[in-house]
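Colleague: Got a predicted structure plus its sequence, pasted below:
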Amino acid sequence: MPIINRVADLQPDIQAWRRDLHAHPEVMYDVHRTAAFVAEQLRAFGCDEVATGLGQTGVVGVIKGRKPGGNGGVIGLRADMDALPIEEATNLPYASKTPGKMHACGHDGHTAMLLGAAQYLAETRNFAGDAVVIFQPAEEGGAGALAMINDGLMDRFKIEQVYGMHNGPGIPVGSFAIRQGPIMAAMDRISIQIEGVGGHAAYPHKTIDPVLAGSQLVVALQGIVSRSVNPLESAVLSMCEFHAGHASNVIPASAELKGTVRSLKAEVRDLMEKRMNEVCAGVAQQTGAKITLDYDRGYPVVVNHPAQTELAVRVAGEIAGATNVNTDMIPIMGAEDFAYMLEARPGAFIFCGNGDSAGLHHPAYNFNDDAIVFGTSYWVKLVETTLAA
């Protein structure tokens with residue numbers, strides 16, 4: 001079937017919510033205005049339960065179906081609410097009113113579409129079981145999904161399977177993209193401290209130069225992906241910060257490197273950490289510097305479960321047409337904390353086309369309101385199909 005007629009009728013309201021949220025971005029866990037707006041709307045829709053404060057500022061709404069029998073069960077639908085610390089450069093009438101903060105990843109659209117789906121589901125209740133709508137803070141680096149899980153999200157609401165959605169710049173509006181298995185990468189942060197012996201730049205033989213050690217380390221680390229990881233596997237190692245010294249004629253006593261590692265498999269992740277420690281030890285022995293690696297594991301791999309992916313493909317095909325659903329999208333090396341929810345329950349994460357827009361996390365990015373009817377219809381049909389009477 002195409003987009004739902006009632007959802008098309010709701011589009012102006014959903015768009016208005018989205019643009020209001022866009023104008024008032026909030027970051028990390030400090031999404032108090034957004035969370036209050038979401039909770040107010042869910043109560044107005046007539047949700048059977050509205051819970052606030054999960055994972056600090058998360059909001060959950062429960063909508064009970066009224067069809068007897070059927071599959072029953074409980075399905076969770078998740079949207080993220082937080083923005084980014086970016087200065088907006090769109091010049092839109094509804095551009096951010098908060099300097100240095102911007103909805104540059106489309107979480108305003110995600111929140112608005114799930115609100116639209118909640119309104120429709122609360123009106124119709126054409127399913128057997130419970131639909132749980134999850135509005136999460138701190139996706140952008142704060143692990144808000146994990147915080148909500150640790151606050152009892154899955155057990156308290158008896159969620160049996162869980163689904164997520166993200167907009168996709170470059171994917172045509174009205175299209176979806178997904179794949180079974182790993183779809184987004186694990187993200188690890190690396191920080192390397194290099195301790196040398198500082199001194200006069202004219203007498204380097206009396207020093208242990210941490211800049212030289214750091215430079216050799218950056219080059220050596222790049223050999224891990226090219227020579228230690230199977231060429232048929234995926235890994236990224238990017239050194240993004242190099243801090244050392246304050247004068248052109250002084251060899252500093254220390255240096256610091258920071259970066260990130262991305263991977264799509266647990267064994268590759270383990271290999272990257274192991275080889276990084278080995279390379280750091282080797283460069284330390286070569287240069288005489290003391291090198292300490294802090295390898296901080298962040299979000300895990302986003303892994304779509306087979307049965308739930310198959311269902312998501314079928315539902316997306318009903319909304320957009322089977323030819324407009326890419327079922328073998330190339331995995332993305334970016335990270336998503338929805339991974340924690342997929343570790344806790346079976347489910348699937350799908351991308352909804354945002355058209356030819358600026359990329360995510362770009363100051364000129366904007367969520368495409370034309371995508372609203374497709375994303376909202378997907379949420380509705382996912383519930384009605386999964387919890388069919």
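Modeller: Sure thing, it's come through. Numbers count the residues shown, from 1 in each chain.
Colleague: Could I get the buried residue list for the helix or strand encompassing residue 267?
Modeller: Per DSSP states H and E, residue 267 falls inside helix 266-287. Residues 268-269, 271-273, 275-276, 279-280, 283-284, 287 are the ones in helix 266-287 that count as buried (16 or more other C-beta atoms under 10 Å). C-betas here are computed from N, CA, C, even on glycine.
Colleague: Equivalent analysis for stretch 308-315, please.
Modeller: For stretch 308-315, by 16+ other C-beta under 10 Å, it's 308-309, 311-313, 315.
Colleague: Repeat that for stretch 38-54.
Modeller: 38-39, 41-42, 45, 47, 50-51, 54.
Colleague: which residues are contacting it?
Modeller: Around stretch 38-54, the neighbours that count as contacts under C-beta atoms under 8 Å, 6 or more residues apart in numbering are 17, 35, 58-64, 81, 111, 115, 118-119, 122-123, 133, 135, 147-148, 151-153, 156.
Colleague: returning to what we had before: so which of the buried residues of stretch 38-54 belong to helices?
Modeller: Among the buried residues of stretch 38-54, the members falling in helices (DSSP state H) are 38-39, 41-42, 45.
Colleague: got those as a markdown table, with pLDDT and distance to residue 187 columns?
Modeller: Converted to a markdown table, those look like this (pLDDT from 0 to 100; distance: C-beta to C-beta, whole Å):
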| residue | pLDDT | distance to residue 187 |
| --- | --- | --- |
| 38 | 98 | 26 |
| 39 | 98 | 30 |
| 41 | 98 | 32 |
| 42 | 98 | 31 |
| 45 | 98 | 35 |
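Colleague: from those residues, which single one is nearest residue 7?
Modeller: Residue 7 lies nearest to residue 45 out of those, by C-beta to C-beta, at 14.0 Å.
Colleague: Quick check: which helices or strands does the helix holding residue 267 pack against?
Modeller: Identification of packing neighbours for helix 266-287 by 3 or more C-beta pairs under 8 Å, 6 or more residues apart in numbering; DSSP states H and E yields strand 186-195, helix 210-227, strand 235-244, strand 254-263, strand 290-297.
Colleague: what's the angle from it to helix 210-227?
Modeller: 140 degrees (axes from the mean of the first three to the mean of the last three C-alpha atoms, to 10 degrees).
Colleague: how about the CA coordinates for helix 266-287, as PDB?
Modeller: The C-alpha coordinates for helix 266-287 follow below in PDB (Å, rounded to 0.1, in the frame of the first residue of the first chain):
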ATOM      1  CA  ALA A 266      33.800  -8.000  17.300                       C
ATOM      2  CA  GLU A 267      36.900  -9.900  16.300                       C
ATOM      3  CA  VAL A 268      38.100  -7.000  14.200                       C
ATOM      4  CA  ARG A 269      37.500  -4.600  17.100                       C
ATOM      5  CA  ASP A 270      39.600  -6.900  19.400                       C
ATOM      6  CA  LEU A 271      42.400  -7.100  16.800                       C
ATOM      7  CA  MET A 272      42.500  -3.300  16.400                       C
ATOM      8  CA  GLU A 273      42.900  -2.800  20.200                       C
ATOM      9  CA  LYS A 274      45.600  -5.600  20.400                       C
ATOM     10  CA  ARG A 275      47.600  -4.300  17.500                       C
ATOM     11  CA  MET A 276      47.400  -0.700  18.700                       C
ATOM     12  CA  ASN A 277      48.900  -1.700  22.000                       C
ATOM     13  CA  GLU A 278      51.700  -3.600  20.300                       C
ATOM     14  CA  VAL A 279      52.500  -0.700  17.900                       C
ATOM     15  CA  CYS A 280      52.600   1.800  20.800                       C
ATOM     16  CA  ALA A 281      55.000  -0.500  22.700                       C
ATOM     17  CA  GLY A 282      57.200  -0.900  19.600                       C
ATOM     18  CA  VAL A 283      57.500   2.900  19.000                       C
ATOM     19  CA  ALA A 284      58.200   3.500  22.700                       C
ATOM     20  CA  GLN A 285      61.100   1.000  22.600                       C
ATOM     21  CA  GLN A 286      62.400   2.500  19.400                       C
ATOM     22  CA  THR A 287      62.300   6.100  20.600                       C
END
